[in-house]
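J.: 3D, please:
(2 chains)
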Number of protein chains: 2
Amino acid sequence: MLQMERFYAERVGDMKGSDIRDAFKLTEAADVISFAGGFPAVDAFPVSLIETVMDDLFRCDYTGLQYGPTEGLEELRRQVAVMMDAENIPSDVDNILITNGSQQALDLIAKIFLDPKDYVLVEQPGYIGGLNAIGNYQGQMVGIPLDDDGLRIDILANKLKEMSNKGRHPKFLYTVPNFQNPTGVTLSLERRRGLLELAREYDFLILEDNPYGRISFGQEPLPHLKTLDTEGRVIYLGSFSKILIPGARVGWAVGLPGVIRQLSIAKQGTDLCSSSLGMKLVLDCIMSGELDGHIDSLKVLYRRRRDIMLESLGRYMPAEVRWTHPEGGFFVWLRLPSYIDSRALLPFALEEEKVAYVGGKGFHVDGSGHNTIRLAYSQAPESDIAEGIRRLAKVLRRQIESAI
Amino acid sequence: MLQMERFYAERVGDMKGSDIRDAFKLTEAADVISFAGGFPAVDAFPVSLIETVMDDLFRCDYTGLQYGPTEGLEELRRQVAVMMDAENIPSDVDNILITNGSQQALDLIAKIFLDPKDYVLVEQPGYIGGLNAIGNYQGQMVGIPLDDDGLRIDILANKLKEMSNKGRHPKFLYTVPNFQNPTGVTLSLERRRGLLELAREYDFLILEDNPYGRISFGQEPLPHLKTLDTEGRVIYLGSFSKILIPGARVGWAVGLPGVIRQLSIAKQGTDLCSSSLGMKLVLDCIMSGELDGHIDSLKVLYRRRRDIMLESLGRYMPAEVRWTHPEGGFFVWLRLPSYIDSRALLPFALEEEKVAYVGGKGFHVDGSGHNTIRLAYSQAPESDIAEGIRRLAKVLRRQIESAI
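T.: The predicted model follows:
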């Protein structure tokens, strides 16, 4: 058989398989308690709403069966614009592009903005799918650390000055400001303002990815970066994957009409159009008027899981382990002693203790993070969370004790 | 508002909006008879089968609601492998990648194989979506003409020799061998063999895109290039868009496991996974056992439309106009006198005679083809086809007479 290596493009060298997607395969075994995949809970799916909607899906027409417009079904774009308006992002249909989940928006944005070696500022740790999308177009990523208030704007400011002195100008900054993936932390209001000022000063765009914003456990939501943006410098990404279902693959981008048009041209060559079936299903779920109530029930469901996980971490974890306290979303982030390599430990955790997580290294762009772990409380059955954390703590305690 | 141009990547200059997708918008007016979009007929959708399948979609599990594996649902990959086996392409699960329609496979293949300025051989005229996917990665396209037996292998051989003398080596050749889009012609068996020989001699890959192969109006299907391929040099693309529904966005690629793995890594960063909803629907339609019978009914339906179109062309068209005689698929290709610009004529055809088509220039990579037209007989209601051709002939006759 043919050796293919000589045919591959240079960018293949920058492409990484994701630990998350690979974890998906590893943890399919029935007796493993998995905190690996950041999937919605199966019991978070509004099955009866979806069945009702599906019964009527072709009552008026066959929109859901045919090819659709590249930009997305017009009525769905209109409804998303209405949702955005309600979240203080003034929008019209031509500000909205429907994508195959927001991952496709990440890809299309990298596609239209990045030449090889272009600089992109990213959170470190940052969402692996975003890093992969950027890496696939050979963007050169500069990681900025986070603390409990999100992206460290002071460090970003220094980095920008340093880059500017070397003649390096980032094209955009990629951030998940609310209940970040993987850390669960949220960018403070003061830092949101500071970030926009830096973007103006150093003339870069901001890619605001907000899949978890509506899964908030209590406090008032902070204004979106896009809400604070007066210039069209922010491109905002939303998704129905976490608030409805991922299986429809419906996300969206909000931006200036010119950017949306350019993204749409890129999408034409990428997949012609999104799934009409998925778009029609999502549209009809919105039109049912039941989406907001459903999201309220999700907050209760995920908050309970978060509570159990935090409580179990407090009860079982050795004193050397630190973790974040998310106010929404799906994730808790663990920092272990520096002598522990979480990825190397995973096969052992899986085989001996039947517990799965994602090693944190893949969320870092500088090769660090070997002693970090992402835990998703979103998918594991509620009754398994405490036991899973007990098992993980056992694995970690053994490592810590053997190292001392 | 911000001026975005300075942020765009170089490749944006190579991105083209497609005349086809734009035509989709132009021809939505109710009184226009459109031969523009190569869409399946709405009456070709097996609505009752789909409704039956949907009623049972979540009976066993919620696979259709959740994220799925990047490569596609395993059982769907297995069923596609079985279909491929039946068409003499020996396949296993790890030879199959499920994509968002075959357009996504075109994108992913360009993504993993093309560096800017890499040479790609294409049919001229060739499928616009394929040309766009290649253009989006700045592939340098070399067009090879077709005749009634498909790609002109003799001209290809000369071109390859000429390129080789200049040190230019194409990465792959892109072809739609059966009932080609846009011309409707089919590559002869002798030329299929010749093409594979040239690929071996000049060491390039072949991308065989076959969305229409099963919509054949009579003759025995010719062996796929992939069937004749002993080295794994051919990557084969199939699609459920024309034989079932496009709205699910389910296509597939067949290749060596290593290539499928690399495409899957690229897909991770592109959209994580395809629509589980669409994949599950397609899988259940296959499992119903009714797909083959449905395809038989499609052959009858589209053959009748092809017959009416060819008969009407014969009856109404001025002697100066030539056209192809497709033995399957969706398209007839018209060649007009060289002094007619079909794209410039389109607004007039739309406004005065309420008939739509796609100007052929966009299917050409060298700027030629201004005097060609693609007509799709697939979507226009059967009863409209003769009238639409009469109108188009009237437009063309007037142009020809005014030029004489």
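J.: Which stretches in chain A count as strands?
T.: For chain A, applying DSSP state E gives strands covering A:33-34, A:96-99, A:119-124, A:140-147, A:150-151, A:172-175, A:205-209, A:234-239, A:251-254, A:322-323, A:331-335, A:355-356, A:358-359, A:372-376.
J.: now the third one and strand A:140-147, what's the angle there?
T.: Here strand A:119-124 runs at an angle of 30 degrees relative to strand A:140-147 (axes from the mean of the first three to the mean of the last three CA atoms, to 10 degrees).
J.: does chain B sit close to stretch A:92-106?
T.: Yes - using CB under 8 Å from any CB of the partner chain, stretch A:92-106 reaches chain B at A:Asn100, A:Gly101, A:Gln103, A:Gln104, A:Leu106. C-betas here are computed from N, CA, C, even on glycine.
J.: if I pick the first one, what's in contact with it?
T.: Under the criterion of CB atoms under 8 Å, 6 or more residues apart in numbering or on different chains, the neighbours of A:Asn100 are A:Arg249, A:Val250, A:Gly251, A:Asp271, A:Ser274, A:Ser275, B:Asn100, B:Asp271, B:Ser274, B:Ser275.
J.: Okay, helices next: where are they in chain A?
T.: A:19-26, A:47-55, A:74-86, A:101-113, A:128-136, A:153-165, A:189-202, A:225-228, A:257-271, A:276-287, A:291-316, A:342-353, A:382-403 (DSSP state H).
J.: In TSV, list these along with distance to B:Arg315.
T.: Shown next, in TSV, are these (distance: least, CB to CB, whole Å):
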stretch	distance to B:Arg315
helix A:19-26	57
helix A:47-55	46
helix A:74-86	38
helix A:101-113	46
helix A:128-136	53
helix A:153-165	69
helix A:189-202	64
helix A:225-228	58
helix A:257-271	36
helix A:276-287	36
helix A:291-316	54
helix A:342-353	71
helix A:382-403	71
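J.: Present those helices as JSON lines; the columns should include mean neighbour count.
T.: Listed next are the helices of chain A as JSON lines, based on neighbours: other CB atoms under 10 Å in any protein chain shown:
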{"stretch": "helix A:19-26", "mean neighbour count": "20"}
{"stretch": "helix A:47-55", "mean neighbour count": "16"}
{"stretch": "helix A:74-86", "mean neighbour count": "18"}
{"stretch": "helix A:101-113", "mean neighbour count": "27"}
{"stretch": "helix A:128-136", "mean neighbour count": "26"}
{"stretch": "helix A:153-165", "mean neighbour count": "15"}
{"stretch": "helix A:189-202", "mean neighbour count": "17"}
{"stretch": "helix A:225-228", "mean neighbour count": "20"}
{"stretch": "helix A:257-271", "mean neighbour count": "23"}
{"stretch": "helix A:276-287", "mean neighbour count": "24"}
{"stretch": "helix A:291-316", "mean neighbour count": "16"}
{"stretch": "helix A:342-353", "mean neighbour count": "17"}
{"stretch": "helix A:382-403", "mean neighbour count": "17"}
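J.: Can you check which of these gets nearest to B:Val300?
T.: Proximity to B:Val300 (CB to CB) singles out helix A:276-287 among the helices of chain A, at 25.4 Å.
J.: so the closest one versus helix B:276-287, what angle?
T.: Using the same axes, to 10 degrees: helix A:276-287 against helix B:276-287 is 130 degrees.
J.: Give the other helices and strands that helix A:276-287 contacts.
T.: When contacts are defined as 3 or more CB pairs under 8 Å, 6 or more residues apart in numbering or on different chains; DSSP states H and E, helix A:276-287 sits against helix A:47-55, helix A:74-86, helix B:276-287.
J.: Taking helix A:101-113 as reference, get the angle to that helix.
T.: 120 degrees.
J.: Show residues contacting helix A:276-287.
T.: For helix A:276-287, the surrounding residues in contact (CB under 8 Å, 6+ apart) are A:46, A:49-50, A:53-54, A:56-57, A:63-68, A:72-73, A:75-76, A:79, A:83, A:98, A:240, A:244, A:247-250, A:291, B:245-249, B:275, B:277-278, B:281.
J.: if you set the cut-off to 6 Å instead, what comes out?
T.: Residues from elsewhere that reach helix A:276-287 (CB atoms under 6 Å, 6 or more residues apart in numbering or on different chains): A:53, A:63-64, A:68, A:73, A:75-76, A:79, A:240, A:244, A:248-250, A:291, B:247-248, B:275, B:277-278.
J.: any idea how far that helix is from the chain center?
T.: Distance, stretch centre to chain centre, for helix A:276-287: 22 Å (CA atoms, centre = their mean, to the nearest Å).
J.: hey, C-alpha coordinates of it in PDB?
T.: Taking C-alpha atoms only, helix A:276-287 is exported to PDB below (Å, rounded to 0.1, in the frame of the first residue of the first chain):
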ATOM      1  CA  SER A 276     -31.600  21.400   7.900                       C
ATOM      2  CA  LEU A 277     -33.000  18.600  10.100                       C
ATOM      3  CA  GLY A 278     -31.000  19.800  13.100                       C
ATOM      4  CA  MET A 279     -31.800  23.500  12.400                       C
ATOM      5  CA  LYS A 280     -35.500  22.900  12.000                       C
ATOM      6  CA  LEU A 281     -35.600  20.800  15.200                       C
ATOM      7  CA  VAL A 282     -33.900  23.600  17.100                       C
ATOM      8  CA  LEU A 283     -36.100  26.200  15.600                       C
ATOM      9  CA  ASP A 284     -39.300  24.400  16.500                       C
ATOM     10  CA  CYS A 285     -38.000  23.800  20.100                       C
ATOM     11  CA  ILE A 286     -37.400  27.600  20.400                       C
ATOM     12  CA  MET A 287     -40.900  28.300  18.900                       C
END
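J.: Leaving out the residues flanking it, which one is nearest to A:Met279?
T.: With CB to CB, 6 or more residues apart in numbering or on different chains as the criterion, A:Met279 has its nearest non-adjacent residue at 4.7 Å, and that residue is A:Leu73.
J.: What's the separation between that neighbour and A:Leu173?
T.: Per CB to CB, to the nearest Å, A:Leu73 is found 31 Å from A:Leu173.
J.: Show me which of the two is the more surrounded one.
T.: Taking other CB atoms under 10 Å in any protein chain shown, A:Leu73 and A:Leu173 do not tie; A:Leu173 has more neighbours (26 against 21).
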